[in-house]
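Participant: Attaching a predicted model along with its sequence, questions to come.
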Amino acid sequence: MKAAYYEGFGLASEVLKVGEIATPAPGPGEVLVRVHAAGVNPSDVKLRAGARPGATMGWPVMVPCSDGAGVIEAVGEGVDAGRVGERVWLWNGHWRRQFGTSAEYIALPSEQAVFLPEGTGFAEGACFGIPAMTAWMALFQDGPIDGQRVLVTGGAGTVGRYAVQMARLGGAAQVFTTVSGPEKAAHAGACDAAINYREEDVADRVMDLTSGHGVDRIVDVDFGANLDATRRMIAEGGTVASYASMGDPTPALPFYEFMFRNVRLHMLIVYLLGPATRRRGEAQLRGWLEAGALSHAVAAAFPLDEAARAHEAVEAGEKLGTVVVTV
Ligand SMILES: NC(=O)c1ccc[n+]([C@@H]2O[C@H](COP(=O)([O-])OP(=O)(O)OC[C@H]3O[C@@H](n4cnc5c(N)ncnc54)[C@H](OP(=O)(O)O)[C@@H]3O)[C@@H](O)[C@H]2O)c1
């Protein structure tokens, strides 16, 4: 089969090749999926670049990308043969695994191929494994958000944009986001306030918008960079669900400030979402997809032959939405 692959970490243009590798066969409990689209996330490009903390080349050859969508073509022993022909979206394709989704085929455990409703395209389905599920996890894994005041930092990001929508769908009383300008505010979509974090004092504005209550939940794209605002606007009993801290990877924690407000800090990684919670998230996502309740943002699509350009588009950081590779 045709695949993008790398034999060592480095620049996309130097290490990412496209060529023939062996087509996998589904083992016991696995499905073989004909991939139609692979989602390229920051995590995938950091791994390929050798920039993910602690990562080593675990195999001599690796196929990049964890997210994808396609059609089940065959099943291994113990998997319901009725799944053949099912449209699916994929998660953790390249998490602690050699062969990811940037290939014509992937064989992976049956539960990592999730039913994709007919009305949702493959490119959109390739946005669910990391962006949509991280948003869902940050909002809901620590309990319901009905009636809460929620702040999503970076609402124009792949995760942030889903989080803004899901917070509204989840019954939040108020949903705020932070952005760096009008174009990002438009991309983030409808919410109660899009605050320009480069020009305004986010905490002051949030305290004002919530009549001094603060926010009950923060879905945070940069824990360290936003910490000063967080400590000033998190409500008593609030939860900070943070999925990155690139601005300051080792921030000093104001322990007692958070302790005396009974604040819960959750540094999360979607790859390790537990099975029962994951099933809950997948079911909720399916319901929203079938109801046509979610808008998706595919920033650009590159053919498999141009997988390196897809990685570079993610690294450039200017994209609005998820970059996909079409196969
Ligand atoms: N832990 C996990 O499971 C997990 C899951 C998904 C992603 N991530 C990580 O999360 C990060 C973002 O991923 P992504 O796919 O969402 O990237 P993305 O699509 O590039 O979005 C990042 C967004 O955050 C905004 N931003 C950056 N710093 C900000 C700040 N201090 N306050 C508010 N907004 C800020 C950026 O916009 P401006 O620069 O214009 O402000 C951009 O809109 C990456 O480091 C990725 O590896 C982690």
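Facilitator: It's in.

Participant: Which residues of the stretch 201-327 of the chain lie near the ligand?
Facilitator: Val221, Asp222, Ala225, Asn226, Tyr243, Ala244, Met246, Gly247, Leu268, Ile269, Val270, Gly317 (C-beta under 6 Å from any ligand atom). To be clear about C-beta, it is placed using only N, CA and C from the backbone, and glycine gets the same treatment.

Participant: so the third one makes contact with Pro249?
Facilitator: Right, the one you point to is Ala225. No: contact criterion C-beta atoms under 8 Å: Ala225 and Pro249 do not qualify, at 10.1 Å.

Participant: counting residues per strand, which one in the protein is longest?
Facilitator: Secondary structure assigned by DSSP state E gives strand 30-40 as the longest strand of the chain.

Participant: which parts of the stretch 51-200 of the chain sit against the ligand?
Facilitator: So far as C-beta under 6 Å from any ligand atom goes, the stretch 51-200 of the chain lies against the ligand at 130-131, 134, 153-154, 156-160, 178, 180, 184, 197.

Participant: Mind listing the residues bridging to Phe302?
Facilitator: Note on Phe302: beta-bridge partners by DSSP bridges are Val325.

Participant: what number of residues lie near it?
Facilitator: Using other C-beta atoms under 10 Å, Phe302 has 19 neighbouring residues.

Participant: same question, Gly181
Facilitator: Neighbour tally, Gly181, other C-beta under 10 Å: 12.

Participant: quick one: the closest residue in space to it that isn't next to it in sequence and Met207, what's the gap?
Facilitator: Once flanking residues are discounted, Gly181 sits nearest to Asn196: 6.6 Å by C-beta to C-beta, 6 or more residues apart in numbering. Distance of Asn196 to Met207, computed by C-beta to C-beta, to the nearest Å: 17 Å.

Participant: Then Glu111?
Facilitator: Distance from Glu111 to Met207, by C-beta to C-beta: 43 Å.

Participant: more neighbours, Ala225 and Pro249?
Facilitator: Ala225 (18 against 11).

Participant: Identify the residue spatially nearest to the more buried one, adjacent ones excluded.
Facilitator: Gly247 is the one closest to Ala225 (C-beta to C-beta, 6+ apart), at 2.8 Å.

Participant: for the longest strand of the chain, what is the average pLDDT?
Facilitator: The average pLDDT within strand 30-40 is 98.
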